[in-house]
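1. coordinates only, no sequence provided:
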DNA sequence: TTTATCTATTGACATTTATAGAATAGTTTG
DNA sequence: CAAACTATTCTATAAATGTCAATAGATAAA
């Protein structure tokens, strides 16, 4: 239902319980690429890893949908895992060479944004 | 038409000429609040100020639309300027006390995101 | 004086993205 | 066998963005 970007900062508290802040979701794509560069992982594992980064409030379906889109772009590749685990079969996602190139572009963008936010924070004082 | 977020990093060059990167637009709202906290300004002036921050690729109508939404939220207040200038009448936007509160929340969010991006950049190495 | 250019803001429409909630389904523990 | 956990997908809806065009006053050039 509602996206909560514009005007998010003053949304009522009851509403924002357990929900993520607007900038978190905007780095979801590079965060997934970075985690998958380190090693291939399953969607479900990624949910935990994002949690560890403080991004755990993003809805699972957003994460899975993003993964499928990254696969459509050929930045990641997935296979159904053959070995048996606790639960239903799961997909293993891995970064492709194209995904590595995309991540390099993303790295520059993250750097640029990092500097921009520094500037903005300085100007608040 | 297309928003260029998902998959942005590998968009063809011709396409991305003069267009902004995905994270730039996601800090538009706080950037406007920060500039208006420093002093009241017109929309057109804000376009120049954003340019100076390296955010000049955002389309003017996005900026004006965001300003009107911030006014609907009562975070900023606008008045038509009475004095004559070079051109048609223009609106002067100013931050309201509610806008100051919202900016304080945004400040925390910017800080959080700043730390998150630091973490992500470290993990790329 | 008509034309172009710069200043300044608004509106409509198509496209894309995000969110929530439910559906599906296998496995393990009580 | 029911509950809880693992794991992924689908659908409906709401909201944000991009693009293009429209409106309009002031000034400089032709």
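-> Structure's in. What do you need? Since the model is a prediction, treat every value here as computed from it, not as a measurement. Numbering: from 1, shown residues only, chains lettered A, B, ... in the order given.

2. residue A:95 contacts residue A:76, doesn't it?
-> Yes. Residue A:95 lies in contact with residue A:76 (CB atoms under 8 Å); the separation is 5.8 Å. The way it works is simple: take the backbone N, C-alpha and C, and place the C-beta from them, glycine included.

3. which parts of chain A are strands?
-> Taking DSSP state E, the strands of chain A run over residues A:41-42, A:76-80, A:91-95.

4. let me have those in a markdown table, extended by mean neighbour count, mean pLDDT and distance to residue B:107.
-> Listed next are those as a markdown table, based on neighbours: other CB atoms under 10 Å in any protein chain shown; pLDDT from 0 to 100; distance: least, CB to CB, whole Å:
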| stretch | mean neighbour count | mean pLDDT | distance to residue B:107 |
| --- | --- | --- | --- |
| strand A:41-42 | 18 | 91 | 34 |
| strand A:76-80 | 15 | 89 | 35 |
| strand A:91-95 | 19 | 92 | 35 |
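
5. need the helix or strand of chain A with the lowest average pLDDT.
-> helix A:13-16 (a mean of 49; mean pLDDT, DSSP states H and E).

6. let me have the strands of chain A in CSV, extended by distance to chain B.
-> Output for the strands of chain A, formatted as CSV (distance: least, CB to the nearest CB, whole Å):
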stretch, distance to chain B
strand A:41-42, 13
strand A:76-80, 12
strand A:91-95, 12
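
7. quick one, which of these is nearest to residue B:44?
-> The closest of these to residue B:44 is strand A:76-80. By CB to CB, the value is 43.1 Å.

8. now the angle from the closest one to strand A:91-95?
-> 160 degrees (axes from the mean of the first three to the mean of the last three CA atoms, to 10 degrees).

9. ok, strand A:76-80 near DNA strand D or not?
-> No. Strand A:76-80 lies out of reach of DNA strand D by CB under 7 Å from any atom of the strand, never closer than 7.7 Å.

10. quick one: low-confidence parts of chain A?
-> Within chain A, the ranges that satisfy pLDDT under 70 run A:1-5, A:11-19, A:82-88.

11. okay, and the common contacts of residue A:95 and residue A:76?
-> Common contacts of residue A:95 and residue A:76 (CB atoms under 8 Å, 6 or more residues apart in numbering or on different chains): A:33, A:36.

12. before we move on, back to that, out of the strands of chain A, the one nearest DNA strand C is which?
-> strand A:76-80 (11.8 Å; CB to the nearest atom of the strand).

13. packing partners of the closest one?
-> helix A:28-38, helix A:60-72, strand A:91-95 (3 or more CB pairs under 8 Å, 6 or more residues apart in numbering or on different chains; DSSP states H and E).

14. how about residue A:111: what's its closest non-neighbour residue?
-> residue B:121 (6.7 Å; CB to CB, 6 or more residues apart in numbering or on different chains).

15. cheers, nothing more for now.
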